[in-house]
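Engineer: Take this sequence and fold it.
(chains A, B, C and D, ligands or ions: 5)
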Amino acid sequence: MSQMTPPDAIKEDSMEKQKQMISANFHELAQAPQQGRKVVSTFVPGNINELLMCFDMARNLPEINALQNGMRKKTGRMIMEAERSGHSEDVCTYVKADLGMMAQGNIGPTGETLPKPDLLLLSYTGCFTFMKWFELVREQYDCETSMLHIPYQGDGTINENMRDYVVKQLREEVIPTLERVSGVKFDIDRLREYMRESAKSEEDLVWVLQTAKNRPSPIDAYFGGVYYIGPIFTAFRGTEDASEYYRTLRSEIAERLEKGEGPITPDGEMKDEKYRLVVEGPPNWTSFREFWKMFYEEGAVVVASTYTKVGGVYDFGFRHDPDHPLESMADYCLGCYTNLNLPSRAEMLSNYVEDYQADGLLINSIKSCNSFSAGQLLLLREVEKRTGKPGAFIETDLVDPRYFSGANVKNRLESYFQMINQKRGGGFSEGVAA
Amino acid sequence: MNNFQNGGSAAIVDRCRRLFDDLEFSEVREWKAAEKGRKVIGYMPVYVPREIIHAAGMLPVGILGGGDQLEVIQGDAYYQSYICRIPRSTIELGLTGRLDVLDGMLFPSICDVIRNLSGMWQLMFEDKYVRYFDVPQNYARDIGGSYYVNELKQLLSDLEKLSGKQISPDDLWKSIEVYNENRRAIQDLYHYRAKRPWKTPSPDVYLVIRAGMVLPVEEHTQLIRDYISAVEKEEQVMRDNCRVVVSGVFCEQPPLNLIRSIEMAGCYIVDDDFMLVTRWLLEDVPTSGDPLENLADGFLNHSNETSAKYVPVTSDKGQYLVEAVRKNQAEGVIFAAPSFCDPALLDRPMLQNCLAEENIPYTAFKYAENSGQMQPIREQAGTFADSIKLWSA
Amino acid sequence: MKCFVGIDLGSTTTKALILDEEQQILGRGITNSRSNYDIAASVAKEEALVNTRINLVRQSLEPVSTLFENLEEFLSGLERTFRLEQFMEQLADLESVCHTNASGNRFASREKTIIADALRKIFHQLREEAPELFAPGASRKSDFFRDIAGSRYLAIGEASARELGLSFDLLLNVYDRSIIEVENHFGEGDARMMMLQALQRMLKVTPELESQKNIILEKVEQAYNIELEESYVVGTGYGRARLPFSKDHIRSEILCHGLGAHIMYPETRTVLDIGGQDTKAIQVDPSGIVSSFQMNDRCAAGCGRYLGYIADEMNVGLHELGPMAMKATRKVRINSTCTVFAGAELRDRLALGEEREDILAGLHRAIILRAMSLLSRSGGISDQFTFTGGVANNEAAVMALKGLIQENYGEVTVNIDPGSIYTGALGAATFAHRAMEEHA
Amino acid sequence: MTITAGIDIGTNSIKSVLFRIEEGAIEWLAKHTSRIRKRDPNQLAEEDYRWLLKKTDIDPEEVEYVATTGEGENVDFRTGHFYSMTTHARGASFLEPSARSLVDIGALHGRAISIDEHGKVLSYKMTSQCASGTGQFLENIARYLGVAQDEVGSLSLQADDPETVSSICAVLAETDVINMVSRGISSQNILKGIHLSMAGRLIKLLKAIKVRENTVLVTGGLAQDEGLCRALLEQASDQKLEVQIRSHIDSIYAGAAGAAIWGEFRHRKLKQAEASPLAA
Ligand SMILES: Nc1ncnc2c1ncn2[C@@H]1O[C@H](COP(=O)(O)OP(=O)(O)O)[C@@H](O)[C@H]1O
Ligand SMILES: Nc1ncnc2c1ncn2[C@@H]1O[C@H](COP(=O)(O)OP(=O)(O)O)[C@@H](O)[C@H]1O
Ligand code: SF4
Ligand code: SF4
Ligand code: SF4
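Structural biologist: Numbering: from 1, shown residues only, chains lettered A, B, ... in the order given. Ligands and ions are numbered 1, 2, ... in the order given. Next up, the predicted model:
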C-alpha cells in the first residue's frame, strides 16, 4: 500500500493524484491537533474508514507509516531503536518500526510530526500482533483504546454469531466511544453515503485488477498493485477523491489494454511478457525497487496477488452495502484476506493461477508476519498439487533491511524462471541465437 | 486407579515421566480401547473448556508439541526457520500416525501460528474433526459473553454429533465439578511448592501437572493428592537457592532439562505459567444456573491472564505477575519464552516495565522445545541467582 | 576434437568436466575453491584436461596393450608419478615462499634463524615422505595440495617447534601465509612437460619396457597431439556470478544438479546435494527438468563445511570421518548444527564421557536430518533418489540417509555415483553441449 | 590475609590467577593462560593450578578458596563455582574501577554486561547460539588470510578503506572473505571490515542493555585485539554512544580475577558463619 513518491517513470494522472492525496493526508494528520480534530489510529485490514469519517476524525495508520518509512529506508534505525528498548529480534518489524519511530520523536514519513492519537481503535482482524501492538502503543500514550474483535473464519465461513458479535461491538462499544472521543453524534445516513462512494471505487479497482487476465497483462498486480490499492485500503475509502482516483486509473488502464501494452515499471513499459506469476505474501519495502527489478528484468509480470486483498477481498463480489451498513461493515472486516483460513487461501490461490493463466505461484514469505507466513509451505504444495504448476518460495521481510538478501532472492528467482522455461521446453538461447 | 502411597513421590514422578516420554500416547490408546465407542479430542495451548469434552464422555488430551526427543523430519517441511517449534513437531506427531488416536483436534485462539495450524490440519487430516476455538476479546457479558456462549453451544453440538449422544445439563454439572476438584488439587500443589520448594523439585511438579494432559481428570486429581501426601513425608535438603517466578512458558514447552537447569543454577521456581489450561479458571465454576453461562462467566471474569488475552484497562496490564511475585514471596522473575513466540515476546517489555516499577529483578532468555545446549541457560539463570544471593542483604 | 566444458565453482571445491560430441565424459578435474575464482576455475579445467589426456593416452595405448603386463596399472602408475611430480614442484614453490615470508621483518633475527632451520627440517622431511604419499595404494588425507602438505606440515612442524623451542603458532602462520600465495601461482601449460617427465621416469623403473620406449612415447605424443577445441563452456555453482563468463554461459546450480543427476541416472526423481555450505533438495521430472527445489538459507548449519570443522577439531582427514562414525555403537542426539559450534559441541560431549565414534555418528545424523527436512519441504522423496555433492562420499552420512529414507519413505532406490561430486559440472557440460546444438 | 585462586575455564583457553587479599587490598601472586587445544580442560585446569602454586611456592593448604567460573562446574578441586557474568563483572570492576559496563568477547561468545560501581551485574545481553562475530570466527578468517592472531589487531589498524561484511553467518562470511580476496581487497581492509561488523553487533548489545555513558571495559581474549577495540570505539561513535572504551592488559583474566575475589568474599562469609554462635 504504497502511496509514496511513485517511481519516476510513472507519470500518469492517477499517480499524480495519488501522490497529492497522500501528502495532503499526512499534512492533515499533522495539523489535526491545531485544527481541533481528533486523531484515531487503526489498522489496515478491516479498517472501518467510512465509520471513522462519520466522526470527522483524522486517521493514522501505523502500518502505512511503517511501510512508507521502509521505502524511505528509515526503518532499519527505528527497528534497532525498538530492539534496544527491549524488543526481541524475533517479532514483527512493523511493530518495532512504529515503536522506534515514536521513540525517535514520532516524525512521520513525510517529515511532519505525527500527532498523538486520541483513540486507538484496535480492529483486531486476522492478526494477533495487532493486539499487542496497540497495548504497547497504549503504554506510551496512555490514551483510550477501543477493541473491535473480529473472529477468525476458522471453518471458512462467516456465520450469524460472528456477524452479530461484530455488529454488537460496533453498535454498543465502538460507536459510543467514537461519539464520546470526537464529540460528534453518529449519523447513519452519512455512513450510508460514504459506503455508496466506497462501492464505486471497489467496482473500479476490481475491474483494474482483473485486466491482468489479458495477455500481455497491462498491469503488474503486485508491484503495481500495491499502488492501486493505496487509497482504498487506507484513509480514503469512501471519499470522492478515491472514487475519482479509481475512475482515472480505470481509464488509463483501459487505454493500455486497448493498445496491447504491458505494465509500467520504474524503467518504462515492460515489453516482453515471459512469465506470469501469482504472488502470495506482502512485498519487501526497504528494497522495493531492487526487488521489482528482479522481476521485470526477466520479463516476469505478476498477474494476481493476495497482498492486494489484505484490506478487503472484493473480487468475489463483496461490496460495501449502504442498505445494511453495520452488517456489511462486519462482513468486510470478517472477509479480509488474513482472516481467511488456510483451505480458503489455498483455493483462492489455485483459482488465481488458473483464472489468470499463470505459470505458477511464487510465495514471498515474510519473516515478520506469522499471520501470513505460518502455513505458506503447505499452501505452496497444495497449489502445486491442484494446478500442476511449479511454485517457488523466497524469504524476505517487510521493513527490516537485515532480512533482505538480494543475491539470495535473485538466485532463487532466476532458478525459478529457468525452471519454468525449461518446463515449457524452451531453450536458453533467447538473445543468443536470435 | 493406581495407588502410589507406598512408592513415595519418586514412583509417582516416575510414572509421570513415562507418560511424558511416551510420544505414542499409549495410555490414551488404552483408555480408548477399553470401551467401544470412546472418543478422544486433542487440544493445544492455551485454553479450551475441557468440561464440555468430558461431558461428552470423551477424553481431552493436551498436545504440547514433541519435546526434545522427537526427531522432526517431515514437520520442518511445513515451517520456515523463523517460526517456533511447536507446530512443526505437532505436525510431525500427526504425520507419523502418533495422533491417530485423536478423533478431533481443537486449536485455541492463542496466536496466528496455532490459528493457521487449524487450517493446515483441515487440509492434511481431512477425516478428523477440527475446530478453531475462538474466544472473545470483548468481555462484556452480552457482547463477548453471548458470542462465547454461542461458540460453546456450537462446540457442544459438534461433539454431540461426533459421539452420537446428547449432552445433558447434568453431564455438564458433573464435569464442571470434577474439573473444579482438579483445579483445587493443582492449586494446593502450587501452594505447597511455594511454601517448600526444596521438597517439590520443579521438574517433578512439572511432570505431575503434565500428566493431566493425558490422564482422565479424576485419576489426575488423585495422583496430585497422592504426590502431595508423599512429599510431605519425605525429607529433602534445603539449598541456598533464590525464589523465582517463571513466565512466558504457556505454549511451546521448554525441555525438562531447562527446568532442571534453572534449579541447578540456584533458583527455586515458586510459580509459573506452564499448562495454564489446568489453572485457567481462577475460581470454582458455580454448579447451579446455566452451565454454559457459568463457564462463559468464568472465562470473561475469572480467568488467568496471559499474553494471548487482551487487557482492556491499561493499569491492569502485568499486575498479575507482580501479584504472583508478591503472593509467592519470589525474589525475581525469569522470562523464558520460545524463540519466535510473538505473544510472549511482544508482551515481555510491558511486563518487564511493570516489574521494574516495583523493583523486582528479572532476567530473560529464549528456548526451543528441542534446545540441547543448557550451558547458556545455566549461565544466565546462575548469574541471576548469583546476583540475588551475593547482593541481597 | 570438439569439447564441451562444464565448470562448477562450489564454495569449497571447484569441479570441471569435459564432454565430447557424443556426450561421453572425456575427463574430470577438481581443485579447492580458493581466493581467486578465475584461477580455481582454470585449475579445475586444467586438471580435467590432464585427466582427459590420461584417458586419451589410454585410448591410444590400448591397441598396443599387449606391450604391458597390465595397462591399467601402468597408467595409474603414470598418473601417480605425474602427481608426485606436480606435488614436488608445488612443494619447492611453497618452500621458497615460506622462506621469503619467514625472513620478513615480522620476526626477530634470532627467531628468523630458528624458523629457517625449522622450515628446512620440515621441507626436508616432506620431500622424503612424498614418494610414499603417492605410492600405490597409499591413502592421502585429501587430494588437494593445501590439505596434504598442510597436514604433514602441521604434524612435523609441531614436533620441530617443540624441539627448537619455537612457538608453533609462528610456524603455522608462516604456512597459512604462504599457502595462499602458492595456490595462486598457476603455471599453465607445463602439464604436458610434467607428464612426459613422468613417463620417462616410469620407463626407467620398468626396465622391461625399455625396448618399447619409442613406440610408447610416440603413442603418448599422439594422444597429446589431439587438439582439444573448447567449443562451449558453461559455468555454474555458488561462485558462478564471479566467473568471467557472459550470462549465456551461466546456469543456475539447481538446474545443473538436476540435469547432471538425470544424465547419470535417468530414472532420478529426487536429488539431494550436500556441498560445502549449501544443501539443495531438488525434484526433477522424467526429462531431467527441475520441478521444485529447496535450499538452506543464510545459515550454513549442517552442510559439508560442518564436517570440515569436525575433522579439523579431531585432526583427521575428511575421508576418515565416515569410517570412524561407522564404528558407533550407541545413538547420540546432537541438537546444534551450527557449523562453528561443532568443535565446541564435540569437546563438550567428549568431556561428558561419550565415545568419539558415537558422537560422530550423531553429528552425521544431524546433518542428514536437516537435509531430510529440506527434502520434505521440496516435496518429499520419490523413486529414484540420487545423492550428490561432496558429502555423498561419506559412508556414515549415506548410511544415516538411507536409514531415514527407509523409515520415512519406504523402499527407494538410492543412487550414489563415485563421481557424484561432479554432478553439477556434468549438468553444466551437458548444457554446454545443448547450447551448441541450439546454435547449430 | 587470604590466598584465593580463580580459574576460568573457557571454550578456547583456561585462565588462572592466584591472589592474596588483605582487608580489601588485592595483590596478584601469579597468572597463567593456556590454550586448551584439544586437551581435557579439567585436567589442564588442574595442571595450570599446580603450576601456579609451584611457581609461587605456595602450599595447596594455604589456598583458602579455589573458585571456578566458566565451564568449571565439574572441576573437583574447586571450593565453589560462580557464573561467568558474575565473575567478569567483578573482575572488570577490579581491573578498571570506573567501568560501568563491559563487553566480554571470547572464543564462542560475545556479550555486553552493565554493572554498578561494586561490580554487580545489572543487565546483560549476549549473542545467540550462532557463531557469527566470535573469536573463533575471527581466528578462522585470520588463518585463511595467513595472518597470526596477534597481528590481526595491528593490521586492522592500518586499514584505509574497510570492506563491509554482509553475511550474518560466520561460515558464509568466510565465503564473503574469499570473494574479497579475489577482488584484491587487502587483508587490512578485510580484517577491519570484520572487526567493524563484530563491533557493530557488540555496540548494539551495549545499547540494548541501555548503556549510555561511562567507561566500558573490554574483557575476554579478544580484548587483546587492538583492532577490535578501535572498531568498538568507531562503532560507538557511529552509533552515537558516548562511552569510553578501554582494555586492560589483564582483561583476559577478568573472569578468573572476579572468581578469586568472590571466593575471598564467600570465604569470609563462611568463616563468619562458622564463628557465629548460631551456626551450631
Ligand atoms: N570423502 C569425504 N568424506 C566426507 N565429506 C567429504 C568428502 N569429500 C568431500 N566432503 C565434503 O564435501 C564438501 C564439499 O562438497 P562440494 O559438493 O564440493 O561442495 P561445494 O560445491 O559447495 O564446493 C566438503 O565440505 C566436505 O565436507
Ligand atoms: N593476542 C590476541 N589477539 C587477538 N585475539 C586473541 C589474542 N589472544 C587470544 N585471543 C582470542 O581470544 C579468544 C579466547 O578468549 P577467551 O576469553 O579466553 O575465550 P574463552 O573464555 O571462550 O576460552 C580466542 O578466540 C583467541 O582467538
Ligand atoms: S504480523 Fe503481519 S499482519 Fe500482523 S502486524 Fe505484523 S505484518 Fe501486520
Ligand atoms: S509458541 Fe508462541 S508463537 Fe508458537 S504457537 Fe505457541 S504461542 Fe504461538
Ligand atoms: S548458526 Fe552457525 S552456521 Fe548458522 S548462521 Fe550462525 S554461524 Fe552460521
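Engineer: rest of the way, CA atoms for contacts and neighbours
Structural biologist: Will do.
Engineer: Helices along the stretch 251-400 of chain A, start to end?
Structural biologist: A:288-296, A:325-335, A:342-355, A:370-373, A:376-387 (DSSP state H, counting those that start in this stretch).
Engineer: how many neighbours does the closest residue to ligand 4 within the stretch 151-300 of chain A have?
Structural biologist: With Cα to the nearest ligand atom as the measure, A:Tyr152 is the residue of the stretch 151-300 of chain A nearest to ligand 4, at 15.5 Å. When counting by other Cα atoms under 10 Å in any protein chain shown, one arrives at 28 neighbours for A:Tyr152.
Engineer: can I assume D:Glu23 is in contact with D:Ile3?
Structural biologist: No - the criterion here is Cα atoms under 8 Å, and D:Glu23 misses it with D:Ile3 at 12.0 Å.
Engineer: Those two: which is more packed in?
Structural biologist: Between D:Glu23 and D:Ile3, D:Ile3 has the larger neighbour count (other Cα under 10 Å), namely 25 against 7.
Engineer: sec struct for that one, please.
Structural biologist: strand (DSSP: H, G, I helix; E, B strand; the rest coil).
Engineer: tell me which element the residue in the stretch 251-393 of chain B positioned nearest to chain A falls in.
Structural biologist: Closest approach between the stretch 251-393 of chain B and chain A, counting by Cα to the nearest Cα: B:Phe340, at 4.9 Å. Following DSSP states H and E, there is no helix or strand that holds B:Phe340.
Engineer: Contacts only, for it.
Structural biologist: Applying Cα atoms under 8 Å, 6 or more residues apart in numbering or on different chains to B:Phe340 gives the contacts A:Asp90, A:Val91, B:Tyr82, B:Ile83, B:Cys84.
Engineer: separation between it and ligand 5?
Structural biologist: Distance, B:Phe340 to ligand 5, by Cα to the nearest ligand atom, to the nearest Å: 16 Å.
Engineer: Minimum distance to D:Val218: which of the helices of the stretch 251-400 of chain A has it?
Structural biologist: Closest to D:Val218 of those is helix A:370-373 (Cα to Cα; 38.3 Å).
Engineer: near chain C at all, that closest one?
Structural biologist: No - with Cα under 8 Å from any Cα of the partner chain as the criterion, chain C is not reached by helix A:370-373; the gap is at least 14.6 Å.
Engineer: about what we covered before: what is the most widely separated pair among the contacts of B:Phe340?
Structural biologist: A:Val91 and B:Cys84 (11.3 Å).
Engineer: Which neighbours do these two have in common?
Structural biologist: Common neighbours of A:Val91 and B:Cys84, counting by Cα under 8 Å, 6+ apart, are B:Phe340, B:Cys341.
Engineer: Report pLDDT for A:Asp90.
Structural biologist: Note on A:Asp90: pLDDT of 93.
Engineer: Verify the stated contact: it with B:Asp342.
Structural biologist: Yes - in this structure, A:Asp90 is within contact of B:Asp342 by Cα under 8 Å, at 7.5 Å.
Engineer: Compare neighbour counts for the two and give me the winner.
Structural biologist: The neighbour comparison of A:Asp90 against B:Asp342 (other Cα under 10 Å) goes to B:Asp342, with 28 against 18.
Engineer: quick one: that one and B:Tyr129, what's the gap?
Structural biologist: Note on B:Asp342: its distance to B:Tyr129, by Cα to Cα, to the nearest Å, is 27 Å.
Engineer: Same check on D:Ala142?
Structural biologist: The value you get for D:Ala142 to B:Tyr129, if Cα to Cα is used, is 59 Å.
Engineer: pLDDT weak spots in the stretch 151-280 of chain D?
Structural biologist: D:167-168, D:275-280 (pLDDT under 70).
Engineer: give the contact list for the closest residue to ligand 3 within it.
Structural biologist: For the stretch 151-280 of chain D, the residue closest to ligand 3 is D:Ala208, as judged by Cα to the nearest ligand atom, at 22.0 Å. Contact analysis of D:Ala208 by Cα under 8 Å, 6+ apart lists A:Glu83, A:Arg84, A:Ser85, A:Gly86, D:Lys125.
Engineer: Pull the number of nearby residues for D:Asp238.
Structural biologist: Using other Cα under 10 Å: D:Asp238 sits among 12 other residues.
Engineer: Going by proximity to ligand 1, name the top residue of chain D.
Structural biologist: Using Cα to the nearest ligand atom, D:Thr175 is the residue of chain D that sits closest to ligand 1, at 10.3 Å.
Engineer: Partner strands of the strand or helix carrying D:Ile14 and their direction?
Structural biologist: Take DSSP H and E as the rule and D:Ile14 turns out to sit in strand D:13-22. Neighbouring strands of strand D:13-22 in its sheet, by DSSP bridges, are strand D:2-9 (antiparallel), strand D:25-35 (antiparallel).
Engineer: domains of chain D?
Structural biologist: D:2-88+D:253-279, D:98-247 (automatic domain parsing).
Engineer: Please disregard the earlier target; I meant chain B.
Structural biologist: For chain B, automatic domain parsing gives the domain ranges B:1-21+B:168-238, B:39-164, B:239-393.
Engineer: how about the helices of the stretch 251-400 of chain A in TSV, adding distance to D:Glu96?
Structural biologist: Listed next are those as TSV, based on distance: least, Cα to Cα, whole Å:
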stretch	distance to D:Glu96
helix A:288-296	48
helix A:325-335	60
helix A:342-355	58
helix A:370-373	46
helix A:376-387	53
